[in-house]
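# sequence first, predicted coordinates after that:
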Amino acid sequence: MPMDETRHDTKTAAALTAAKLYYLQDMTMDAIARELSTSRSSVSRLLASARESGLVDIRINSPFERVGRIEEQLRDRFRINAHIVPMSGIVNDVERLERVSLTAGRLLSQFVESNMVVGVAWGSTISMVSRSLVQKEVHSTTFVQLNGAGNTQTSGLEYSSDILQRFGQAFGANVEQFPVPAFFDNPVTRDAMWQERSTRRVLAFQSKMDIAVFGLGSPQAEVPSRVYVGGYLNRDDYRMLREDGAIGDVATVFFRADGSWRDIRLNARSTGPGLDRLRRVPRRVCVVSGAAKLGSLRAAIAAGIVTDAVLDETLARLLSEEN
C-alpha cells in the first residue's frame with residue numbers, strides 16, 4: 001500500500017475513534033485527549049476531519065476503524081449484530097459499563113417503534129441502560145417486565161418498577177409489571193400461579209414481544225450481577241448451580257457453557273421466560289460489558305438468544321479471538 005494511503009487510513013481510524021468517544025460517549029475533548037495520549041487541539045482537528053470527510057452524520061460510519069473489523073468478524077462467525085463501544089484497556093469496569101449502557105440507550109431509540117411489545121429484564125446493567133435512554137415518543141407500545149424480582153428480603157417491586165417506569169417515560173409507553181418472586185420455593189407453586197388470570201395477562205404480553213432487552217448475569221463479574229448479590233440465592237441454590245454446570249443467567253434463567261438450560265434444576269422455580277420462548281422474539285438485545293462476562297456471553301450466543309450485542313471493545317476482541 002502506498003505511504004500516502006497508509007497515512008490517510010491511520011488518520012481516518014483516529015478520527016473515527018475520537019468521533020465515537022465525543023458523539024456517542026459524551027466525552028469531553030480533554031478526556032479524549034488523555035485517553036488517546038494526544039493534545040486537545042489534535043482531538044479538535046480529528047473531530048473536524050471526521051465532520052468534513054462525511055464520517056459523522058446522523059450515525060458514525062466506520063470503514064476503517066478497528067472495531068468495525070471486529071463487528072464484521074462477529075457477524076460472520078456468530079450471526080449477531082455487534083455494536084462495539086470503543087475504549088482503551090485502562091478504563092475501569094464501572095466506567096466501562098456506563099459507556100456501554102449509554103450506547104445501548106441510544107441504540108434502543110432506533111429499535112423501538114410504535115405498536116411494539118418490548119420485554120425488559122431487571123438487573124445492574126439494564127438499570128444503568130434505563131438511565132441512558134433517549135426521549136422518543138411512540139404510540140401503543142408496551143414495556144413488559146420479563147421476570148419477577150421478589151425474594152425473602154424484599155418484594156423487589158420498587159427496584160424493578162423504577163427500571164420499567166424509566167423505559168415507559170422515555171418512550172411515552174405503557175408498562176406491565178410482573179409482581180411475582182424471582183424464584184418460587186416450589187415448582188408446583190409456580191405452575192399454579194401461571195394459571196392465574198392476572199399472571200396469564202402478563203405472560204400474554206411476553207408472548208407477543210417484538211424486542212427483548214437484557215443483560216447477562218455472571219458470578220465472576222467485577223460489577224456484581226444483582227441476582228448473585230441481592231439475596232435471591234441461598235447456599236443450596238449455589239450448590240445446585242455448581243452441580244448442574246451453570247455459568248450465567250438471563251432474566252434469572254440459568255444456562256451452561258454449551259447453551260443448554262432445560263435440566264438446570266433452579267430453572268423449574270424461576271419466573272423468567274424459557275430460552276426457547278426468548279428465541280422466538282425477533283430482536284433480542286443483549287447489553288454486556290467486562291471480560292468476566294465472556295463465558296456468559298459465549299454461552300448466550302450458543303443458546304441462540306442474542307441477535308444484537310452491545311458490548312465493550314475488550315470483550316468483543318476476546319470473543320472474536322476465541323477458538
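Perfect, I can see it now. Numbering: from 1, shown residues only.

# need the pLDDT of Val253.
Per-residue confidence (pLDDT) for Val253: 96.

# now do the contacts for it.
Asn147, Trp261, Asn267, Ser270, Gly272, Pro273, Gly274, Leu275 (Cβ atoms under 8 Å, 6 or more residues apart in numbering). To be clear about C-beta, it is placed using only N, CA and C from the backbone, and glycine gets the same treatment.

# with Glu176 instead?
Counting by Cβ under 8 Å, 6+ apart, Glu176 has contacts Thr142, Phe143, Val144, Gln145, Arg201, Val202, Phe205.

# now swap in Leu297 and tell me
Leu216, Cys286, Val288, Val306, Ala309, Leu311, Leu315, Leu319.

# residues contacting the helix or strand of the chain with the lowest mean pLDDT, please?
Lowest on mean pLDDT, DSSP states H and E among the helices and strands of the chain sits helix 226-229, with a mean of 71. Helix 226-229 is contacted from outside by Trp122, Gly123, Ser124, Ala182, Gly217, Ser218, Pro219, Tyr232, Leu233, Asp249, Thr252, using Cβ under 8 Å, 6+ apart.

# follow-up on the earlier one: go through the contacts of Glu176 and flag which are in helices.
Counting by DSSP state H, the contacts of Glu176 place Arg201, Val202, Phe205 in helices.

# give me the neighbour count for Val118.
Residues within reach of Val118, counting by other Cβ atoms under 10 Å, total 28.

# for it, what are its contacts?
Val118 sits in contact with Val112, Thr141, Thr142, Phe143, Val144, Phe167, Ala173, Met209, Asp210, Ile211, Ala212, Val213, where contact means Cβ under 8 Å, 6+ apart.

# my read is that the third one contacts Asn174, right?
Meaning Thr142. Yes - contact criterion Cβ atoms under 8 Å: Thr142 and Asn174 qualify, at 4.5 Å.

# neighbour-wise, which of the two wins?
Between Thr142 and Asn174, counted using other Cβ under 10 Å, Thr142 has the larger neighbour count: 18 against 13.

# and that one, what are its bridge partners?
Val117, Asn174 (DSSP bridges).

# roughly how far does it sit from Asp312?
Between Thr142 and Asp312 the distance is 30 Å, computed by Cβ to Cβ, to the nearest Å.

# also Ser37?
Taken as Cβ to Cβ, the span from Ser37 to Asp312 is 19 Å.

# higher neighbour count, those two?
Asp312 (26 against 8).

# got any ranges where this protein has weak pLDDT?
By pLDDT under 70, the weakly predicted segments of the chain are 1-8, 57-65, 89, 151-158, 220-224, 229-230, 323.

# hey, which helix is longest across it?
Per DSSP H, the chain has its longest helix at helix 93-111.
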